[in-house]
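> Make a model of this:
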Amino acid sequence: MRLHPLPFVLALAALVSGAQAATVLERVAGGGKLIIAYRESSVPFSYLDANKQPVGYAVDLCLKLADAIRKQTGAKGMGVEFLQVTSANRIAMVEEGKADLECGSTTNNAERRQKVAFTVPHFITGARLLVKADRNYTRIEDFKGKKIVSTKGTTPLKVLEEANKSRLMGITILEAPDHAKAVEMVETGEADAFVMDDVLLYALAANRPKPKELKVVGKFMTTEPLAIMLNKNDPAFKKLVDDEMRRLVISKEINTVYRKWFMKPIPPNDIALNMPVSYLLKDSWKYPTDVVPF
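Residues are numbered from 1 along each chain as shown. The predicted structure follows:
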């Protein structure tokens, strides 16, 4: 019987290395499961639906990566085990090998790359502005002398303070205790805009009583590439994941997954975020790479 070269080599390596396979692909080829880490409430990237099952944009992409792993290793019966993680322990879980892929909304930055690796970004977010839909605001410069609110203790608030000071814009900066209060301040006219990561703004607006009365405007004031996280000491596994992510992007298969989670109604409330692909994400997908300048 002729064996597929890759599964044979991986299975042999797994036997040689003993009970504990040295790499993800060795473990899978030897009959092990792929362990996917997910978040409980990172809508729409990774969260639990009404049946307490992990769903989301990043989860769907990870399941496609799982299919590629089955194909490349010949482990057709490879199972997937889901592991819930938090913002506090997600990096450690991947770094320590307790999770093979972290499928959430994690930013790829230089500090984190000291401990873990990232594949091709599946999303790029950044701070933008939420305003009333009937206003003509289009950029941060339109808010000279106006009032802008942000949530206390967040990066966008710090960025707004720095921009206001360096550009001498005379903006009155307001702090809200939480995101919901900040949106309410825009709706009531207490603030002219709410600055926050755009994906959060779209999600918040979509869940308001009158979502069409709000819109997101302005260029990105910050840039944060979100990517699936994996162990930095497993180059063979990373190459397979990177190759499949590039294929998903170049073939535009990822666009179908994107539309499902950002343009169509999603659980649990069957509300659409109506968030088209940003120009930054479109540009990054022209030449998909795991290298980011941050």
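> is it true that Pro177 touches Lys152?
Yes: counting by CB atoms under 8 Å, Lys152 is a contact partner of Pro177 at 6.1 Å. Bear in mind the C-beta positions are built from the backbone N, C-alpha and C, glycine included.
> Give me the more crowded residue out of these two.
Lys152 (13 against 10; other CB atoms under 10 Å).
> Looking at the more buried one now. What's its pLDDT?
Turning to Lys152, the model gives it a pLDDT of 85.
> again with His179
With respect to pLDDT, His179 has a value of 87.
> same check, this time on Arg2
Looking at Arg2, its pLDDT reads 40.
> and the strand or helix carrying Arg27, what other elements does it pack with?
Assignment of secondary structure by DSSP states H and E places Arg27 within helix 24-29. Applying 3 or more CB pairs under 8 Å, 6 or more residues apart in numbering; DSSP states H and E, we find helix 24-29 packed against helix 5-17, helix 57-73, helix 235-250.
> measure the nearest residue to Pro288 once chain neighbours are set aside to Lys239 for me?
Distances taken as CB to CB, 6 or more residues apart in numbering place Val249 nearest to Pro288, at 4.2 Å, with adjacent residues excluded. According to CB to CB, to the nearest Å, Val249 stands 16 Å off from Lys239.
> Mind listing the residues bridging to Ile271?
Ile266 (DSSP bridges).
> Low-confidence stretches in the chain?
1-21 (pLDDT under 70).
> can we see that at 50?
Within the chain, the stretches with pLDDT under 50 are 1-5, 7-19, 21.
> Give me the most central residue, it.
Compute the mean C-alpha point of the chain, and by CA atoms, centre = their mean the closest residue is Ser105, 3.1 Å away.
> ok now do that one, which residues does it touch?
Contacts for Ser105 (CB atoms under 8 Å, 6 or more residues apart in numbering) come out as 39, 42, 45-46, 58, 123, 199, 226.
> again, 10 Å this time
Ser105 makes contacts with 39, 42-47, 56-58, 87, 122-123, 125, 197, 199-200, 224, 226-227, as judged by CB atoms under 10 Å, 6 or more residues apart in numbering.
> distance of it from Gly77?
For Ser105, the distance to Gly77 - CB to CB - is 31 Å.
> cool, Thr106 as well?
Distance, Thr106 to Gly77, using CB to CB: 29 Å.
> Looking at these two, which is more packed in?
Taking other CB under 10 Å, Thr106 and Gly77 do not tie; Thr106 has more neighbours (27 against 6).
> tell me the contacts of that one?
If a contact means CB under 10 Å, 6+ apart, then Thr106 has 37, 39, 42, 45-46, 58, 85, 87, 90-91, 94, 112, 116, 118, 224-229 as its contacts.
> Out of those, list just those in helices.
Assigned to helices by DSSP state H, the following of the contacts of Thr106 qualify: 58, 90-91, 94.
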